[in-house]
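[1] Could you look at this predicted model? Sequence included:
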Amino acid sequence: MWLLSSLGSFQAENDGQDDLDQQWDEELRMGGTLRRVLHPYLNGWPCDAQGNFLPPNAQPPPLHTASNDDWTPYTDRTQFETADLLYRRTEMSVGQIDALMDIWAATLLESDLNNPQRKMPPFASAKHLHSPPWMDQTFDVWFRDPLTCICDMLKNTDFKDSFDYVPYKEYCVDNNERRYQDFMSGDWAWLHADKIAKDPTTHGSTFVPVVLGSDKTTVSVATGNNEYYPLYMSIGNVHNTVRRGHRDAVVVIGFLSIPKTTKEFSSDEEFRMFRRQLLKPAMKTSEIVHYNSILYGLGPYIADYEEQALLACIVRNWCARCTATRGMLDSDPDTLSHCQQVTETLFQNATLDEMWYEFGIVGNLVPFTNDFPRADIHELIAPDILHQLIKGSFKDHLIDWVEKFLLLTSGSKRQAEHIMDDIDRPIAVVAPFTGLRRFPQGRGFKQWTGDDSKALMKVYIAAIEGHVPDDIVRTFRAFTEFCYLVRQNTITDSTLRDINDATQRFYRYREVFKRVENKHITAVKKPYCQSNKHKALGQMLITNQRLDKLSAAHTDFASHGMLNGTCLSSALNLITSVTADNDDGEADHGEIILTAHVELSRSRQLKRARTIRALAIELSIPDLSILFRRFLFERLNPNDARDTTTVPHFELPCFDGPISVVNSASSRFYVPSDLSRSSGMHKEYIRSCPMWRGKGPRYDCVFIGMDADTDGMEGYEIARVFCFFSFVYKGVTYPCAVIRWFDKVDEEPDELTGMWIVQPATLPNHTPNYAIIHINSIYRAVHLIPVYGTHPIPPEIKPHHSYDVFNSFYVNKYADHHSFEIAS
């Protein structure tokens, strides 16, 4: 205890730092709804090439731009697109590239045997495509110059509308509620700008926080386990949507190979020195990039617990932020917060054994951040949501806890396995949904990936209800809601309260268990597969470097309009249009629209009905002709207040013309919390077809907008789409959908699962409630999960039966982040 009093003064000083006077804050009102307060000193003022700040409203000199026919470093478009296709899109191996070039060359030779100057393929071989002059050298650590990578990000024109030059605080005008959206809107960036601004020579500079991340990973492909240690980097100025949706905002800057004989990697001082020396020179002095004076700072380091222990130089099973052990995180009254000053004081006054056993600090190691200005590793470490929260808490703890709970409470192992099989069946028969992974065998797979865990979270609550106590269901609900809340693109003070509430509910309901525990694939595993597996480390870093360069070249060529059309259409000077139609949804490259925009597919189904009467027979809806005429009456008479069901049939317009049936529609909407383009736009496909991938019919469900002024589920109804079609009446094209309405069972979500419950709507005569609507009424697709109950599900029930054989359904708000925001 003799050390506690001497350490208390350091904490008091750290907590009581004087902030700079903020009376000169600049306030911006954004559209009348938001108020933004900019940092008064580190305000990103533009300068000239010599670092002299420009007068107000003066524009910096224009950047040098290449001509529209400059394909450097490629000879022409054909060579660029060949490299992009082989290296990035198909990830072809060296041997396959050599074989392709041989075949290509052979076809050119055979087609022009008499020409002495025969044409050749764009590349002679994979070596021509791949190898730099330094590839054969030997390096213990492979790395890229981080400052060069940061400069590339700062100069990337794709980021120009998604980049913050100044730390800021943002508030809602109506209630003065704080909004946290991107990194520079947080307290960390503001407080560090205050520290930097104490030096007057830094005023007017742009603060660029460097965000790092690392995690040891294992690649097991054909040759056994190969362990690699990648180091990732981004900057805090780019918006979250850019970082999630644009590869160039996160780069791999280093690799360390981990020998299999290494027993304790935390003692590898060489790699610590490597990381310490990467950025340190740029932390104290500014440099001119893109006519801005840039000042760098070491920002958050994202890592899982094992990596946090290594970075913070703490003993395993101790906390990296305080001096509590794993079993005393919430109950140790003598816990101290870790900080650099505490560690230095302990080093001066305690023995190494005391530091190890009493405070959990490895005293003979120094964190790599120790000599950086304004950098304390205990403050900078940030949790790895995928490995610690989703894979760690969900897969390694909650799922295992359920199985252990069933083993302890069911009476026998056989009975527990029977219950787990009953849980697997609902998971296996969940209806298909855009972007939702299928689990044909339930959760009984051997190797879990992060994507498996995230996908299972979306359907697990409905599957376990009725098979486990309600408090276990509530535990999963609290945990899943927490995961979705912390991943929202915009977090407010209200969101923080909801996060705290979910945390407290999780701690409360998890006691039931006591009574009875996406870049590695891109950056490591795929590059490893592309290598020749011999000394693969350097090849993997080179692969990542080339992918970044290909992406940068693609951005540059596209900005000059050089990639319009296809390579063939460019050569023939023709314009063609190619559309994509997949079932995973896709990032949308168009402008931002805050409401959804729905379009029918252009692929007309020639084998389906071509008239309303034929469609009525195909869908087995006898009253479809009347529904169609009512729809047309409503479109032609928007000011008629009568309910169309009361309009006499003789007043309804008649139509006997052709219709065009399609099997899908696309919805384009703003969803920055999910995988999307840097603008936050996303496109998903809504299916309505009698046969889907040869397995059975697929008729998706959708949100129908009912009240644009009402947020959440109160503003939407649920419907199932049985057909998309269009027709032309008096020169006007009407894109439509045949739907069946669903009714909400209650006026609020289910208390146990937190999800709304709906059931297929019926008319007073107990027939299904069908309707025809304009597709402008559709917002986006929605996923429904049956309320399974406790009865076993017969094996003949398949996913495409899901919406037909059950009576009520949960509106799956966990299907994606956007659904969570709508249906919470």
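    Sure, I can see it. Remember, it's a predicted structure, so these values are computed and weren't measured experimentally.
[2] drop to CA atoms for contacts and neighbour counts, all remaining ones
    OK.
[3] Residue 192: which element?
    helix 187-197 (DSSP states H and E).
[4] Now do the next helix-or-strand element following that helix, average pLDDT.
    Using DSSP H and E, the helix or strand that follows helix 187-197 towards the C-terminus is strand 206-214. Across strand 206-214, pLDDT averages out at 89.
[5] now do stretch 345-365
    The average pLDDT within stretch 345-365 is 83.
[6] Which stretches in the stretch 401-550 of the chain count as strands?
    491-492 (DSSP state E, counting those that start in this stretch).
[7] Pull the residues that contact the helix holding residue 192.
    19-20, 39, 41-42, 167-168, 183-184, 202-203, 207, 209, 374 (CA atoms under 8 Å, 6 or more residues apart in numbering).
[8] Which per-residue confidence value corresponds to residue 329?
    pLDDT recorded at residue 329 is 69.
[9] shaky segments in the stretch 451-600 of the chain?
    For the stretch 451-600 of the chain, the stretches with pLDDT under 70 are 515-547, 559-560, 564-595.
[10] Let's see that with 80 instead.
    The stretch 451-600 of the chain contains residues with pLDDT under 80 at 451, 513-596.
[11] surely residue 326 meets residue 315?
    No. If you go by CA atoms under 8 Å, residue 326 and residue 315 don't touch, sitting 10.9 Å apart.
[12] quick one: which of the two has more around it?
    For residue 326 and residue 315, the more surrounded residue by other CA atoms under 10 Å is residue 315, and the numbers stand at 19 against 11.
[13] coming back round to it: for the helix holding residue 192, buried residues please.
    Neighbour counts over helix 187-197 (16 or more other CA atoms under 10 Å) mark 188-194, 196-197 as buried.
[14] ditto for stretch 481-497
    Buried residues in stretch 481-497, counted by 16+ other CA under 10 Å: 481-486, 488-489, 491-492, 495.
[15] can I get those in TSV with distance to residue 687?
    Shown next, in TSV, are these (distance: CA to CA, whole Å):
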residue	distance to residue 687
481	28
482	31
483	28
484	26
485	29
486	31
488	27
489	28
491	33
492	35
495	33
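[16] got the angle for the helix holding residue 192 vs strand 206-214?
    130 degrees (axes from the mean of the first three to the mean of the last three CA atoms, to 10 degrees).
[17] Quick one: mean pLDDT over stretch 86-97.
    Averaging pLDDT along stretch 86-97 yields 74.
[18] For that stretch, measure first residue to last.
    Length of stretch 86-97, first residue to last, CA to CA, to the nearest Å: 7 Å.
[19] do the same with stretch 666-683
    Taking CA to CA as the measure, stretch 666-683 stretches 7 Å from start to finish.
[20] so what's residue 657 scoring on pLDDT?
    Here the pLDDT value assigned to residue 657 is 92.
[21] give me phi/psi at it?
    Taking degrees, to the nearest 10, you get phi -80, psi -180 for the backbone angles of residue 657.
[22] contacting residues for the closest residue to it other than its chain neighbours?
    Spatial nearest neighbour of residue 657, chain neighbours left out: residue 611 (6.7 Å); criterion: CA to CA, 6 or more residues apart in numbering. The contact partners of residue 611, by CA under 8 Å, 6+ apart, come to 656-659.
[23] closest to residue 434 among those?
    Ranked by distance to residue 434 (CA to CA), the contacts of residue 611 are led by residue 659 at 26.6 Å.
[24] The closest one and residue 634, how far apart?
    Distance from residue 659 to residue 634, counting by CA to CA: 19 Å.
[25] try residue 628
    Applying CA to CA to residue 628 and residue 634 gives a distance of 10 Å.
[26] One more: residue 758?
    Taken as CA to CA, the span from residue 758 to residue 634 is 27 Å.
[27] go on, residue 94?
    Residue 94 sits 62 Å away from residue 634, taking CA to CA as the criterion.
[28] Next: residue 152.
    Distance, residue 152 to residue 634, using CA to CA: 55 Å.
[29] By average pLDDT, which secondary structure element in the chain comes out worst?
    Least confident helix or strand of the chain, by mean pLDDT, DSSP states H and E, is helix 2-15 with a mean of 34.
[30] Residue 628 and residue 634 - which one has more neighbours?
    When residue 628 and residue 634 are compared for neighbours, residue 628 comes out ahead with 21 against 18, by other CA under 10 Å.
[31] picking that back up, got the CA coordinates for the helix holding residue 192 in PDB?
    Coordinates of each C-alpha in helix 187-197 appear next as PDB, following Å, rounded to 0.1, in the frame of the first residue of the first chain:
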ATOM      1  CA  ASP A 187     -13.500  14.100 -27.300                       C
ATOM      2  CA  TRP A 188     -10.200  12.400 -27.900                       C
ATOM      3  CA  ALA A 189      -9.400  14.400 -31.100                       C
ATOM      4  CA  TRP A 190     -10.500  17.600 -29.400                       C
ATOM      5  CA  LEU A 191      -8.500  17.100 -26.200                       C
ATOM      6  CA  HIS A 192      -5.300  16.200 -28.100                       C
ATOM      7  CA  ALA A 193      -5.700  19.200 -30.400                       C
ATOM      8  CA  ASP A 194      -5.800  21.300 -27.200                       C
ATOM      9  CA  LYS A 195      -2.500  19.700 -26.000                       C
ATOM     10  CA  ILE A 196      -0.900  20.400 -29.400                       C
ATOM     11  CA  ALA A 197      -2.300  23.900 -29.600                       C
END
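[32] From the chain's centroid, how far away is it?
    Mean C-alpha position of helix 187-197 versus that of the full chain (CA atoms, centre = their mean, to the nearest Å) differs by 28 Å.
[33] Assess the claim that residue 297 and residue 206 are in contact.
    No. Taking contacts as CA under 8 Å, residue 297 lies outside contact range of residue 206: 10.6 Å.
[34] surely residue 236 meets residue 207?
    No. Using CA under 8 Å as the test, residue 236 is too far from residue 207 to be in contact (9.2 Å).
[35] Neighbour count for those two, which is higher?
    Neighbours around residue 236 and residue 207, counted as other CA under 10 Å, are more numerous at residue 207. The numbers are 28 against 24.
[36] and the more buried one, what are its bridge partners?
    residue 295 (DSSP bridges).
[37] Distance check, it against residue 166.
    7 Å.
[38] what do you get for residue 551?
    Look at residue 551 and residue 166: by CA to CA, they are 27 Å apart.
[39] And these two? Which one has more around it.
    Between residue 551 and residue 166, residue 166 has the larger neighbour count (other CA under 10 Å), namely 26 against 17.
[40] coming back round to it: farthest-apart pair in the buried residues of helix 187-197, please.
    Spatial extent of the buried residues of helix 187-197 (CA to CA) is set by the pair 188 and 197 at 14.1 Å.
[41] Give me the phi and psi angles of residue 163.
    Note on residue 163: backbone dihedrals following degrees, to the nearest 10 are phi -140, psi 130.
[42] can you count the residues close to it?
    Here the number of neighbours of residue 163 (other CA under 10 Å) works out to 17.
[43] just the one 10 residues further on next, same as before
    Using other CA under 10 Å, residue 173 is surrounded by 15 other residues.
[44] That one touches residue 36, doesn't it?
    No. If you go by CA under 8 Å, residue 173 and residue 36 don't touch, sitting 9.6 Å apart.
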